[in-house]
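Engineer: sequence and predicted model, in that order:
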Amino acid sequence: MLIGVPKEIKDNEFRVGLIPSSVAELVHHGHAVMVETHAGLGAGLADADYANAGAVIVEGPDRIFAEAEMIVKVKEPLAAERKKLRQGQILFTYLHLAPDAAQTHDLVASGAICIAYETVTSHSGALPLLTPMSEVAGRLAPQVGAHSLEKAQGGRGVLLGGVPGVPAAEVVILGGGVSGTHAATIAVGMGAKVTVVDRSAEALKRLATQFGTSISTVFSTRSAIEELVKRADLLIGTVLVPGAAAPKLVSHAMVRTMKPGAVIVDVAIDQGGCVETSKATTHSDPTYVVDGVVHYCVANMPGAVARTSTFALNNVTLPFAVALADKGWKKALAEDPHLRNGLNVAEGQITCRPVADAHNLAYVTAESLIGG
Ligand SMILES: NC(=O)C1=CN([C@@H]2O[C@H](COP(=O)(O)OP(=O)(O)OC[C@H]3O[C@@H](n4cnc5c(N)ncnc54)[C@H](O)[C@@H]3O)[C@@H](O)[C@H]2O)C=CC1
Ligand SMILES: CC(=O)C(=O)O
Ligand SMILES: [Mg+2]
């Protein structure tokens, strides 16, 4: 198979779909790989590293989209990239379609085979291709939150860990899954007073076992969230209903009750965000203020630590990329129900129910398209 790796074009996105060792693995399997000039430069990966791994380096994205049978990316295709997708071409990347009607319509119209990293599953029910980036974003959240709490950034001038004689900041984390757990690890390490909210009794039990008395765990109800939001210096949103738009757990009215200069880091923004006042921002302009509350809603947080993130992402995506290249999408998906769960759009049809429901569009099973 001919595989193409374009350079990411989203604002300050320095990750890249394949690292040179992944290219070498695909070449070893008999495939050809085209990589756009400077695609890996932001992650410290030079064109020469790719050439040594067996890739053909190509100027610009056009030839890659025109010729490759499978495009391997990191972020969802932007409008300019979507125009270049072709009928039957495989697109393997993050998509986050539920909150993104324009992208959903364009992918349906393209006729491409669109497999989303974030809905591929594992035997344990986890989301193995989302996990490493949720770990990264979770660990970044207290870091960017602490920075945003600084006075010069519009924050209330509170140090996360406090100092002897002055209390630590209150950090409230909505969602105690992968991202929430990693956010708690760093916030506790920085000395904050941490509360994690989840609706899953299992998640709360796991958090209590992991953190003991160094955090509080709270079952997710509207009234509990109302109380915690009022108290929070830093509110971190990490809830997820796989494939679906994030539930709006924090209303605009609740945001109005927050302390002036408090900070919201809505990690769940790539699924639309779990705070009513959240709207996606970029690394170049990451924050805005609503009712005195600083909002940080960057939808590609891991792009800030592109090298760590690119390697972590390739560790989990490579086996699936190899399976797709070796077998073709129909056979690879027929043989692996977990990869099949990644299929969101194919041949003009939506094959992910939460995405179809979010946009009031028709849903067909992946099985009906692959003949499984
Ligand atoms: N902004 C960014 O750059 C990035 C964003 N993300 C996003 O972060 C979000 C979280 O991802 P993960 O931690 O991997 O998900 P996860 O599935 O591990 O955890 C989500 C948690 O939310 C909980 N939850 C769902 N509904 C809830 C409710 N109503 N009340 C309380 N808890 C609720 C679930 O029980 C689960 O424990 C996703 O939207 C993901 O796409 C991930 C990486 C980067
Ligand atoms: C998961 C995601 O959206 C990201 O890593 O950018
Ligand atoms: Mg701003």
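Structural biologist: Sure thing, it's come through. Keep in mind the model is a prediction, meaning the values are calculated, not measured. Ligands and ions are numbered 1, 2, ... in the order given.
Engineer: what's the end-to-end length of stretch 277-289?
Structural biologist: 10 Å (CA to CA, to the nearest Å).
Engineer: again, but for stretch 9-21
Structural biologist: End-to-end for stretch 9-21, by CA to CA: 23 Å.
Engineer: quick one: is it near ligand 2?
Structural biologist: No: applying CB under 6 Å from any ligand atom, one finds stretch 9-21 out of contact with ligand 2, separated by at least 7.6 Å. For the C-beta atoms, the positions are set from N, CA and C on the backbone; glycine is no exception.
Engineer: list the buried residues of that stretch.
Structural biologist: Burial within stretch 9-21, assessed by neighbour count using 16 or more other CB atoms under 10 Å, is assigned to 10-11, 13-20.
Engineer: who in the stretch 101-250 of the chain is up against ligand 3?
Structural biologist: For the stretch 101-250 of the chain, the contact set with ligand 3 under CB under 5 Å from the ion is empty.
Engineer: for the stretch 101-250 of the chain, what lies in contact range of ligand 1?
Structural biologist: So the stretch 101-250 of the chain meets ligand 1 at 118, 127, 130, 133-134, 137, 174-180, 197-200, 203, 220, 238-241, 246-247, 249 (CB under 6 Å from any ligand atom).
Engineer: filter those down to the buried ones, PyMOL style.
Structural biologist: Per 16+ other CB under 10 Å, the buried members of those correspond to this PyMOL selection:
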select buried, resi 118+127+130+133+134+137+174+175+176+177+178+179+180+197+198+199+203+220+238+239+240+246+247+249
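Engineer: just the ones of the residues of the stretch 101-250 of the chain next to ligand 1 in strands?
Structural biologist: 174, 197-198 (DSSP state E).
Engineer: give me every residue that touches Ala253.
Structural biologist: Contact analysis of Ala253 by CB atoms under 8 Å, 6 or more residues apart in numbering lists nothing.
Engineer: quick one: buried residues of the helix or strand harbouring it?
Structural biologist: Following DSSP states H and E, one finds Ala253 within helix 252-256. Across helix 252-256, burial judged by 16+ other CB under 10 Å covers 254-255.
Engineer: state the distance from whichever residue of the stretch 101-250 of the chain sits closest to ligand 2 to Thr317.
Structural biologist: In the stretch 101-250 of the chain, the residue that lies nearest ligand 2 is Met133 (3.4 Å; CB to the nearest ligand atom). For Met133, the distance to Thr317 (CB to CB, to the nearest Å) stands at 11 Å.
Engineer: over to Ala304?
Structural biologist: Ala304 is 20 Å from Thr317, by CB to CB.
Engineer: how about the strands in the stretch 251-372 of the chain?
Structural biologist: 263-266, 287-290, 293-296, 343-346, 349-350 (DSSP state E, counting those that start in this stretch).
Engineer: any chance of the buried residues of stretch 9-21 in CSV with pLDDT and secondary structure as columns?
Structural biologist: Formatted as CSV, the buried residues of stretch 9-21 follow (pLDDT from 0 to 100; DSSP: H, G, I helix; E, B strand; the rest coil):
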residue, pLDDT, secondary structure
Lys10, 95, coil
Asp11, 95, coil
Glu13, 97, coil
Phe14, 97, coil
Arg15, 98, coil
Val16, 98, coil
Gly17, 98, coil
Leu18, 98, coil
Ile19, 98, coil
Pro20, 98, helix
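Engineer: farthest-separated two in the residues you listed?
Structural biologist: Using CB to CB, the buried residues of stretch 9-21 span at most 25.2 Å, a distance reached by Asp11 and Pro20.
Engineer: on that earlier part again, and the helix holding Ala253, C-alpha only, in CSV?
Structural biologist: The C-alpha coordinates for helix 252-256 follow below in CSV (Å, rounded to 0.1, in the frame of the first residue of the first chain):
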residue,chain,number,x,y,z
HIS,A,252,-23.2,29.6,32.2
ALA,A,253,-25.1,30.4,35.5
MET,A,254,-22.6,28.2,37.4
VAL,A,255,-19.6,30.0,35.7
ARG,A,256,-21.1,33.3,37.0
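Engineer: make JSON lines out of the ones in strands among the residues of the stretch 101-250 of the chain next to ligand 1 and add distance to ligand 2 and pLDDT.
Structural biologist: Shown next, in JSON lines, are these (distance: CB to the nearest ligand atom, whole Å; pLDDT from 0 to 100):
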{"residue": "Leu174", "distance to ligand 2": "17", "pLDDT": "98"}
{"residue": "Val197", "distance to ligand 2": "21", "pLDDT": "98"}
{"residue": "Asp198", "distance to ligand 2": "19", "pLDDT": "98"}
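Engineer: with distance to Ala112 added, can I get those in CSV?
Structural biologist: Output for those, formatted as CSV (distance: CB to CB, whole Å):
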residue, distance to Ala112
Leu174, 34
Val197, 38
Asp198, 36
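Engineer: and those residues, which is closest to ligand 1?
Structural biologist: Nearest member of these to ligand 1, counting by CB to the nearest ligand atom, is Asp198, at 4.3 Å.
Engineer: ok, now which ones touch the closest one?
Structural biologist: Taking CB under 8 Å, 6+ apart, one finds 175-177, 180, 204, 207, 217, 219-220 in contact with Asp198.
Engineer: where does the prediction get shaky in the stretch 201-350 of the chain?
Structural biologist: For the stretch 201-350 of the chain, no stretch is flagged by pLDDT under 70.
Engineer: re the thing from before, which two from the contacts of Asp198 end up farthest apart in space?
Structural biologist: Once CB to CB is applied, those give Gly177 and Phe219 as the farthest pair, at 14.9 Å.
Engineer: for ligand 1, what is the nearest residue in the protein?
Structural biologist: For the chain, CB to the nearest ligand atom, closest residue to ligand 1: Gly177, 1.7 Å.
Engineer: does that residue touch Thr238 like I think?
Structural biologist: Yes: between Gly177 and Thr238 there is a contact under CB atoms under 8 Å: 6.6 Å.
Engineer: thank you kindly, that will do.
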